[in-house]
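*Asks:* after the sequence you'll find the predicted model.
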Amino acid sequence: MKLSVFSAKQYDRRYFDAVHTRFSSRGFSIKITYHEYALDGSTASSVQDADAICAFVNDTLSGSVIATLACNGVMAILLRCAGYDHVDLEAATEHGLMVANVPSYSPESVAEFAVAMAQTLNRNTHRAYNRVREGNFAINGLLGQILCGKTVGLLGTGKIGLATARIMKGFGCQVLAYDPFPSADLLQYGEYKSLDEVLAKSDVISLHCPLMEATRYLVNEDTIMKMKEGVLLVNTSRGGLIDTTAVIKALKTKQIGGVALDVYGGEVSLFYDDRSGKIIHDDVLMRLISFHNVIVTGHQAFFTKEALYKIAECTLKNLEEFVAEERAETCLTSIWGQIQSPCSQGGH
């Protein structure tokens with residue numbers, strides 16, 4: 001079995017190799033080829049002898065890319081991420097490719113980062129850090145507020161949303177949540193309300209929902225106007241949940257008091273590479289980061305030792321299960337409607 005891994009950084013190799021060594025010791029050995037470049041229409045043809053490919057969150061798995069992979073003998077697409085909005089599932093079904101994701105790798109990694117971003121934004125620690133480095137120890141303009149007693153609204157209560165709720169409850173916050181598919185576990189930490197009520201009552205709103213047509217631009221001009229004036233908005237989920245132009249307008253009118261984003265709608269051509277010596281041509285992003293009350297990070301909320309190991313482990317487990325079923329001559333097709341994973345215990 002041969003596996004081609006795309007958008008592979010050194011840290012991906014380190015953890016994949018470690019997990020592969022463990023799997024090999026019990027008889028499951030594969031040949032892994034790592035590619036630093038992304039998978040897209042221009043690179044799909046480079047897959048010539050792989051039985052399966054492994055793609056990351058910003059790789060392109062359009063219908064044409066999937067058709068090329070299928071023509072080159074690829075039988076399985078392994079996603080080392082939870083989201084699958086970048087995959088043409090109909091095309092995968094048409095070409096008979098199995099698709100598997102990593103629905104739950106380390107909910108706490110993302111949840112803790114979301115809370116860290118909210119607190120950084122709230123207490124202006126990013127601005128204080130820069131001041132002190134320049135010898136400026138003045139604290140005027142850095143006034144924040146305590147989270148204890150504030151209302152935190154969570155849009156989405158999968159495993160990451162629940163982990164965030166648990167942390168915010170520990171801060172002494174009132175937790176309100178909206179999710180079309182409620183979880184009884186949330187009731188330990190807060191309560192469900194309608195979307196409009198969550199938007200209207202929350203001092204902090206944190207997004208933890210998948211990107212699909214029903215959630216695209218969930219934060220837009222209309223929903224922003226329903227929010228409490230001065231609300232802090234945090235997004236560690238998917239950039240497409242937010243209409244960035246509407247957010248910029250709301251920042252200028254102070255309807256939104258601050259924004260912390262680990263994801264961005266146009267991140268595919270920017271994130272995960274050093275572009276410090278280049279001109280960034282995304283005018284919307286450049287305008288966004290010009291605000292003192294905006295924090296943007298490069299989609300790193302997942303980036304912990306625990307998450308990287310779990311991602312590698314679950315990805316190779318998915319491949320192992322695929323091989324076992326192939327050997328048993330079980331017909332596998334990609335899953336339409338909801339991606340599933342053999343190592344999942346219920347995903348976010």
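*Replies:* Sure, I can see it.
*Asks:* what about the strands in the stretch 51-200 of the chain?
*Replies:* 52-55, 76-79, 98-100, 151-155, 174-178, 190-192 (DSSP state E, counting those that start in this stretch).
*Asks:* would you turn those strands into a markdown table with mean pLDDT and distance to Ile311?
*Replies:* Where C-beta positions appear, they are placed from N, C-alpha and C, glycine not excepted. Shown next, in a markdown table, are the strands of the stretch 51-200 of the chain (pLDDT from 0 to 100; distance: least, Cβ to Cβ, whole Å):
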| stretch | mean pLDDT | distance to Ile311 |
| --- | --- | --- |
| strand 52-55 | 97 | 10 |
| strand 76-79 | 97 | 10 |
| strand 98-100 | 96 | 12 |
| strand 151-155 | 98 | 24 |
| strand 174-178 | 98 | 26 |
| strand 190-192 | 98 | 29 |
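*Asks:* so which of these is nearest Lys9?
*Replies:* Proximity to Lys9, assessed across the strands of the stretch 51-200 of the chain by Cβ to Cβ, is greatest for strand 52-55 (12.8 Å).
*Asks:* what residues does the closest one touch?
*Replies:* For strand 52-55, contacts defined as Cβ atoms under 8 Å, 6 or more residues apart in numbering pick out 1-7, 39, 47, 61, 69, 74-80, 315, 319, 322.
*Asks:* that older thread, among the strands of the stretch 51-200 of the chain, which comes closest to Val110?
*Replies:* strand 151-155 (12.4 Å).
*Asks:* for the most centrally placed residue in the chain, helix, strand, or coil?
*Replies:* Nearest to the mean C-alpha position of the chain, by Cα atoms, centre = their mean, lies Ser237 at 4.4 Å. What DSSP: H, G, I helix; E, B strand; the rest coil gives for Ser237 is coil.
*Asks:* mind checking how far it is from Lys317?
*Replies:* For Ser237, the distance to Lys317 equals 24 Å [Cβ to Cβ, to the nearest Å].
*Asks:* cool, and Ile224?
*Replies:* Remark: distance between Ile224 and Lys317 (Cβ to Cβ) = 41 Å.
*Asks:* my read: Cys148 touches Gly172, true?
*Replies:* Yes: contact status for Cys148 versus Gly172: in contact at 3.6 Å, counting by Cβ atoms under 8 Å.
*Asks:* low-confidence ranges in the stretch 201-348 of the chain?
*Replies:* 327-348 (pLDDT under 70).
*Asks:* what segments of it are strands?
*Replies:* Here the stretch 201-348 of the chain has its strands, by DSSP E, counting those that start in this stretch, at 204-207, 231-235, 256-261, 294-296.
*Asks:* Ala111 - how many residues pack around it?
*Replies:* 24 (other Cβ atoms under 10 Å).
*Asks:* can you tell me how far it is from Pro180?
*Replies:* Distance, Ala111 to Pro180, by Cβ to Cβ: 20 Å.
*Asks:* again, but for Val204
*Replies:* Per Cβ to Cβ, Val204 is found 21 Å from Pro180.
*Asks:* which of the two has more residues huddled nearby?
*Replies:* Neighbours of Val204 and Pro180, each counted by other Cβ under 10 Å, are more numerous for Val204; the result is 26 against 9.
*Asks:* show me what contacts that one?
*Replies:* Ala118, Asn122, Leu147, Lys150, Thr151, Val152, Gly153, Cys173, Val231, Leu232, Leu233, Val234 are the contacts of Val204 under Cβ under 8 Å, 6+ apart.
*Asks:* quick check: the first one touching Val259?
*Replies:* This means Ala118. No: shown here, Ala118 and Val259 do not form a contact pair, counting by Cβ under 8 Å, at 10.6 Å.
*Asks:* for this protein, just list every one of the helices.
*Replies:* Counting by DSSP state H, one finds helices in the chain at the ranges 10-24, 63-71, 89-95, 107-123, 125-133, 159-170, 195-201, 221-225, 244-253, 283-288, 305-327.
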